[in-house]
Each structure stands twice: as structure tokens, then as C-alpha cells.
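1. Okay, predicted coordinates and the sequence, questions at the end:
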Amino acid sequence: MNKPFTGKVALVTGGSRGLGAATVRLLAEQGADVAFTYASSDEQAKAVVEEVRGKGAKAVALKTDQADMGRAPALIDDVVAHFGGLDILVNNAAISVEQGRTVDDPDADTTALDLMHATNYLGVIATIRAASRVLRTGGRIITVSSGLGSRVGVPGLADYSATKSGVERYTMGVARDLGHRGITANVVEAGLMESGMEPPDAETLKALLSSLSLQRMGHPDEIAAAIVFLASPAASYITGAVLDAHGGYNA
């Protein structure tokens, strides 16, 4: 079996379920030692670790709160302590709240929205900053975004879309900042899928599905394949790019 990531160390944030877990499995299957973070799902995290180790690969689950930016340096230190270095960072962890509520809704939970901005935007920045100091030459940074990062499409998604658009632009800047070290930084815009995140309300979901060229939900394995491609040697000359894996939302 081809294992292009043999000898590489990867960190996947939000890796206990959905897209994160699919990415952990695929990286491990292809030879990487994989650390992943999770916030609360202890049993799910344990199950992913046991599954990966049962196939002869190495994995460790690290519990953390991405919304707390101050935890990022300790997280990276833990990964290096476990595996001796870091080659691949996949920024997958994110939350979705208050879907469908417009910005003028007086009943919107602004505390929850602020937490989403802290998790999806500021937390990603903190993790990239901490990881950039230890990433080895030729490393990879892949930030998971959404089709909503470039096209909102329906009302009630302004805050979520802003977090995704923000990390996309930040990742473009990272590509410029770290290119001299041979480190690439790219974005995967994921589409609607069974991911473990809170789904949109039924009306919003129907509108989003009807806007896709493929008009179906994606599977986490399909998006994980795009992420792992950008982490692979085959993508060594790709940086500052956005790879759409959302069923043709922008077509």
C-alpha cells in the first residue's frame, strides 16, 4: 500500500467525528502519526484513537477549547512531545450557531455568536501562529472553510460566513509568510455533509441543497480526500489556493 505520509506528523483539530475523524483515518492509513483535538466528546475521541491504533498506526487525542487562544502554544507543545515534531496542520474544528437568524433579529444569541467567532476565526489564527514556529521544512497547512466563505447565498448566515471568509484570507497571507520555508498553506471549501455540526433549519437546508450543481449532501470521506491531497507530495507546488469540495455551490 502506498503510504506517502510515512515519517510525517499531523495535527487535525476537531478530529473526533465527522470530517475531522475521516481526515484522521485517511492520514493514518497513508502512514502519518496523527494527533487530533476534541472539545467534549470523550467517547468518540477514544473510539477514533482505538480504531487508528487497531490498524497499526499511531494516534493521540488531545482535549482542548479552541475558543481559548491562550491554549494553542501548549497544544502544539503536546503534539511535539508525543511525536517529535509537526509536518501537517489541518484546521478543521469549528462550530455553527444561530443558523437562519438575520443580523437584525432581536432574539439572536450574541454571546453564542461571539463564541463562534472566537472558535472559528481567532482560534484558528492562534493555532496557525503556534504551529508555524515548529512546522518542519516542506510542511503543510490546510484550513477547512465552506462554500459560505465566498458566497453566502441565503439569509441568516452572515456571522458563520464571516468566520470562514476570514480564515480563508488569513490562510492566503500565511502562504506568503511561510513560502520561503517550503511550507504551503491552502484552503478546502467543504460543502453540506453529515459532519456532526448543527445543521441549518429545514428551509435553509432545502435552499442550500437546491443551489448545488450535484444537489446532494457530501460524505466526509469525499472532503477528507481533498484535504489529504493538499497535504500530500502531489500538491507540493500548490499554495495560497482554494480547493472547492462543495458540490458546485459556486458553479
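-> On my side now, so go ahead. Predicted model, so just to flag it, every value in this text is computed and none were measured. Numbering: from 1, shown residues only.

2. so where's the stretch 51-200 of the chain uncertain?
-> 195-200 (pLDDT under 70).

3. Which residue ranges of it form helices?
-> Per DSSP state H, counting those that start in this stretch, the stretch 51-200 of the chain carries helices over the ranges 72-83, 110-117, 123-132, 158-178.

4. Give me whichever of these is most buried.
-> Among the helices of the stretch 51-200 of the chain, helix 123-132 has the highest mean neighbour count (mean count of other CB atoms under 10 Å), at a mean of 22. For glycine as for every other residue, the C-beta is placed from the backbone atoms N, C-alpha and C.

5. Strands of the stretch 151-251 of the chain, residue ranges please.
-> 184-190, 242-245 (DSSP state E, counting those that start in this stretch).

6. I'd like those strands as TSV, with mean neighbour count appended.
-> As requested, the strands of the stretch 151-251 of the chain are exported to TSV (neighbours: other CB atoms under 10 Å):
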stretch	mean neighbour count
strand 184-190	27
strand 242-245	19
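
7. List the contacts of the residue lying closest to Thr239 once chain neighbours are set aside.
-> Excluding the flanking residues, the one nearest Thr239 by CB to CB, 6 or more residues apart in numbering is Thr184, at 3.8 Å. Contacts for Thr184 (CB atoms under 8 Å, 6 or more residues apart in numbering) come out as 139-141, 175, 230, 235-236, 238-239.

8. Dump stretch 38-57 to CSV, keeping only the CA atoms.
-> Provided in CSV are the C-alpha atoms of stretch 38-57 (Å, rounded to 0.1, in the frame of the first residue of the first chain):
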residue,chain,number,x,y,z
TYR,A,38,-11.6,17.5,20.6
ALA,A,39,-13.7,19.6,22.9
SER,A,40,-16.1,17.4,24.8
SER,A,41,-16.8,14.0,23.1
ASP,A,42,-14.5,11.8,25.1
GLU,A,43,-16.0,8.5,24.0
GLN,A,44,-16.0,9.4,20.3
ALA,A,45,-12.3,10.6,20.6
LYS,A,46,-11.4,7.3,22.3
ALA,A,47,-13.1,5.3,19.6
VAL,A,48,-11.2,7.1,16.8
VAL,A,49,-7.9,6.5,18.6
GLU,A,50,-8.6,2.8,19.1
GLU,A,51,-9.7,2.4,15.5
VAL,A,52,-6.5,4.0,14.2
ARG,A,53,-4.3,2.1,16.6
GLY,A,54,-6.1,-1.1,15.7
LYS,A,55,-4.9,-0.7,12.2
GLY,A,56,-1.3,-0.4,13.3
ALA,A,57,-1.0,3.4,13.1
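
9. Tell me the buried residues in that stretch?
-> 38-39, 41, 44-45, 48-49, 52, 57 (16 or more other CB atoms under 10 Å).

10. re the thing from before, which residues does the residue nearest to Thr239 bridge with?
-> Under the criterion DSSP bridges, Thr184 forms beta bridges with Arg140.

11. Start at 18, not 1
-> Sounds good: first residue 18 from here, last item Thr201.

12. roughly how far apart are the nearest residue to Arg198 once chain neighbours are set aside and Lys75?
-> Nearest-residue entry for Arg198: Thr154, 5.7 Å, with adjacent residues in sequence omitted and distances by CB to CB, 6+ apart. Look at Thr154 and Lys75: by CB to CB, to the nearest Å, they are 22 Å apart.

13. What sits closest to Leu229 if chain neighbours are left out?
-> According to CB to CB, 6+ apart, the nearest residue to Leu229 is Gly264 (4.1 Å).
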